[in-house]
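Enquirer: got a sequence here, can you build the structure:
(one chain, ligands or ions: 1)
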Amino acid sequence: MTNALQQLKAHQKKVIRLSEISAILDWDQLTYMPTGAAADRADQQTTIQMLIHDLSVNPEVGHLLDACAAAVSSQQADSDDVALVRVSKRDYDLATKVPSNLIEELVGHSSMAYEVWVQARKQSDFSLFSPVLRKTVELNKRLADCLGYVEHPYDALVNQHEPGMTAAKLRQLFAELRPALVSLVADIGEAPQVNSEFLHGHFPIERQQELTINAVRTLGYDTNRGRQDKTVHPFCTSFSHNDVRITTRYDEQMIGGALYASLHEAGHAMYEQGLPAHLKLTALCRAASSGVHESQSRLWENMVGRGREFCSYFLPTLQHYFPEAFSKVTAEELYRAVNRVEPSLIRVEADEVTYNLHIILRFELEVAMLEGKLDVDDLPDAWDAALHEMLGITPPTDTEGCLQDVHWSSGFGGFPAYTLGNLIAAQLWHTIQRDIPDLSACIATGNCTPLLAWLRDKVHSQGARLDPMDLVEHATGEALNSTYLINYLNGKYRDIYGL
Ligand code: ZN
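Expert: Numbers count the residues shown, from 1 in each chain. I've put the predicted structure just below:
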């Protein structure tokens, strides 16, 4: 290894270790920290973040990257070193292309906008938030100009989360997905609703904790290198290759929320636990993108956890922990109940079918605001009209409409990752079923090992060596398209609803 590459790796190790320490502080704040420590913790985090930022934008890194590029120029294009230099250069460009005064303005705007958003929601008064959102649009346009793009400013914004993704590609994927979902939702609306009453009742939290840890271990989450704790909002965080934690939220009156949130976060965590150990503490030992990360959580949560085989395998466990609620429930009834589809106003409560329409709605509105085709003041009407067209429902207030997400207090371009996650998960799932012919039989006996091994090989162990769209093509043999998600959802839900 050349001297320049050694220096680059030593530099990345320092930055990554600081980020891991920051993640520990963050996890502690959201789990066990006494509230009185909030101001000191904020100061601790700012100190670490400033160290990380200064290291990341140091001009010496730019020179080092030039030296590394020259050093690897004779290596194979698919070697780890070539990928490391390419990914590190992209990180450095992202960190240095935006002038520090714009970063300060964005950070300041985001915390101020958050406070205004809280007030606007409380009073359900969009006019309070409108000037703030106008500023968000302006700042994001300036950010896109700094980051650079060829066709559309949205390309620059979405690239922060999904390297290589463009507005044009998203438009094409969503143009196929949207009508297929709208028609499926409409057909389901005409069919008799499935019964999910038994998922509501009394479920003591301690028993739920035991149940969820049992479930995530079944999937293959390694609790020797992780643990599960309780928080207000579930999340997954990584402190190192050997310490990847998940959290969940429990509701005593309902069992589905904690169970499926746990499967979801375990999907994220197993990705982190399977990242390439030989590349740890480098820019390649991380997820390919937010969308690929989300594909892992959705695959375990929905394709596995909400699948017929897992429901049948897991029902006796549910009956063991909650005999009153589940003793008379059949596996088929459980399967139908956890797959109930119902158009809802709130994105985070949406089911597998309607969820993507919530994302497409936000993507269309973000692009229209960036292009100036939609004036910010007209957002509530545009939101309500699009939601009605897609799901046939209208929010009674803006709090349940365009004010529901915190995201527009800061940046644009983050939402598509959720639907990309579903598209990628469905395409991977199709390939997995072909590659593992006895997959259903395995899951029906609680054996998820072959599935995890496939994901480890094709996705996890790749880290960030490949760009997300290349990773998908590499794993499935074809470019990402919407066919597999459309077929998966139509097949599953037309069967459940007898359509
Ligand atoms: Zn997720």
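
Enquirer: buried sites along the host helix or strand of Leu143?
Expert: For Leu143, the host element (DSSP states H and E) is helix 126-147. Neighbour-count burial for helix 126-147 flags 126, 128-130, 132-133, 136-137, 139-144, 147 (criterion: 16 or more other CB atoms under 10 Å). Bear in mind the C-beta positions are built from the backbone N, C-alpha and C, glycine included.

Enquirer: can you tell me which two in the residues you listed are farthest apart?
Expert: Longest distance between any two of those is 29.7 Å, between Leu128 and Leu147; criterion CB to CB.

Enquirer: what's the neighbour count on Gly108?
Expert: Close neighbours of Gly108, defined as other CB atoms under 10 Å, add up to 10.

Enquirer: in the helix or strand encompassing it, what counts as buried?
Expert: Assigned by DSSP H and E, Gly108 belongs to helix 100-123. Buried residues in helix 100-123, defined by neighbour count with 16+ other CB under 10 Å: 106, 109-110, 113, 116-117, 120-121.

Enquirer: could you dump these to JSON lines with distance to Pro437 and pLDDT?
Expert: As requested, the buried residues of helix 100-123 are exported to JSON lines (distance: CB to CB, whole Å; pLDDT from 0 to 100):
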{"residue": "Leu106", "distance to Pro437": "50", "pLDDT": "90"}
{"residue": "His109", "distance to Pro437": "53", "pLDDT": "90"}
{"residue": "Ser110", "distance to Pro437": "49", "pLDDT": "88"}
{"residue": "Ala113", "distance to Pro437": "52", "pLDDT": "90"}
{"residue": "Val116", "distance to Pro437": "55", "pLDDT": "93"}
{"residue": "Trp117", "distance to Pro437": "50", "pLDDT": "93"}
{"residue": "Ala120", "distance to Pro437": "54", "pLDDT": "95"}
{"residue": "Arg121", "distance to Pro437": "50", "pLDDT": "93"}
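
Enquirer: could those go into TSV alongside distance to Thr166?
Expert: Converted to TSV, those look like this (distance: CB to CB, whole Å):
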residue	distance to Thr166
Leu106	22
His109	26
Ser110	25
Ala113	27
Val116	31
Trp117	29
Ala120	32
Arg121	32
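
Enquirer: just give me the closest of these to Ala258.
Expert: Distances from Ala258 to the buried residues of helix 100-123, taken by CB to CB, are shortest for Arg121, at 25.4 Å.

Enquirer: wait, that closest one sits on Leu403?
Expert: Yes - counting by CB atoms under 8 Å, Leu403 is a contact partner of Arg121 at 5.0 Å.

Enquirer: can I take it that Phe239 is in a helix?
Expert: No - assessed by DSSP: H, G, I helix; E, B strand; the rest coil, Phe239 does not belong to a helix; its assignment is strand.

Enquirer: please state the offset of whichever strand or helix holds Val292 from the chain centre?
Expert: Element membership for Val292, per DSSP H and E: helix 290-298. Distance of helix 290-298 from its chain centroid, counting by CA atoms, centre = their mean, to the nearest Å, is 5 Å.

Enquirer: list the buried residues for the helix or strand just after that helix?
Expert: Sequence order places helix 308-321 as the next helix or strand after helix 290-298, per DSSP H and E. For helix 308-321, burial by neighbour count (16+ other CB under 10 Å) applies to 308-315, 317-319, 321.

Enquirer: got these as JSON lines, with pLDDT and distance to Asn242 columns?
Expert: Supplementary listing: the buried residues of helix 308-321 in JSON lines, determined by pLDDT from 0 to 100; distance: CB to CB, whole Å:
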{"residue": "Arg308", "pLDDT": "98", "distance to Asn242": "35"}
{"residue": "Glu309", "pLDDT": "98", "distance to Asn242": "31"}
{"residue": "Phe310", "pLDDT": "98", "distance to Asn242": "28"}
{"residue": "Cys311", "pLDDT": "98", "distance to Asn242": "32"}
{"residue": "Ser312", "pLDDT": "98", "distance to Asn242": "34"}
{"residue": "Tyr313", "pLDDT": "98", "distance to Asn242": "29"}
{"residue": "Phe314", "pLDDT": "98", "distance to Asn242": "28"}
{"residue": "Leu315", "pLDDT": "98", "distance to Asn242": "34"}
{"residue": "Thr317", "pLDDT": "98", "distance to Asn242": "28"}
{"residue": "Leu318", "pLDDT": "98", "distance to Asn242": "31"}
{"residue": "Gln319", "pLDDT": "98", "distance to Asn242": "35"}
{"residue": "Tyr321", "pLDDT": "97", "distance to Asn242": "30"}
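
Enquirer: closest one of the residues you listed to Leu51?
Expert: Taking CB to CB as the measure, Leu51 sits nearest to Phe310 out of the buried residues of helix 308-321, at 44.0 Å.

Enquirer: so what's the closest one up against?
Expert: 304, 443-444 (CB atoms under 8 Å, 6 or more residues apart in numbering).

Enquirer: by neighbours, which of those wins?
Expert: When those are compared by neighbour count (other CB under 10 Å), Ile443 ends up highest, at 26 neighbours.

Enquirer: can you pull the contacts of that one?
Expert: 304, 307, 309-310, 313, 451.

Enquirer: may I ask which two of those are separated the most?
Expert: Maximum distance among those (CB to CB): 13.0 Å, for Tyr313 and Leu451.

Enquirer: count residues in the vicinity of Gln45, would you?
Expert: Applying other CB under 10 Å, we find 15 residues neighbouring Gln45.

Enquirer: could you say which helix or strand holds it?
Expert: Following DSSP H and E, one finds Gln45 within helix 38-57.

Enquirer: ok so, going back, what's the helix holding Leu143 packed up against?
Expert: helix 80-97, helix 100-123, helix 153-159, helix 355-371, helix 379-391 (3 or more CB pairs under 8 Å, 6 or more residues apart in numbering; DSSP states H and E).

Enquirer: mind putting those helices into TSV with distance to Gln193?
Expert: Formatted as TSV, those follow (distance: least, CB to CB, whole Å):
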stretch	distance to Gln193
helix 80-97	47
helix 100-123	30
helix 153-159	36
helix 355-371	18
helix 379-391	15
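
Enquirer: what's the spacing between the nearest residue to Gly201 once chain neighbours are set aside and Pro59?
Expert: Leaving aside its chain neighbours, Gly201 sits nearest to Ala325 (5.1 Å; criterion: CB to CB, 6 or more residues apart in numbering). Taking CB to CB, to the nearest Å as the criterion, Ala325 is separated from Pro59 by 62 Å.

Enquirer: ok, the two, which is more surrounded?
Expert: Each of Ala325 and Pro59 has its neighbours counted (other CB under 10 Å); Ala325 has more, 18 against 9.
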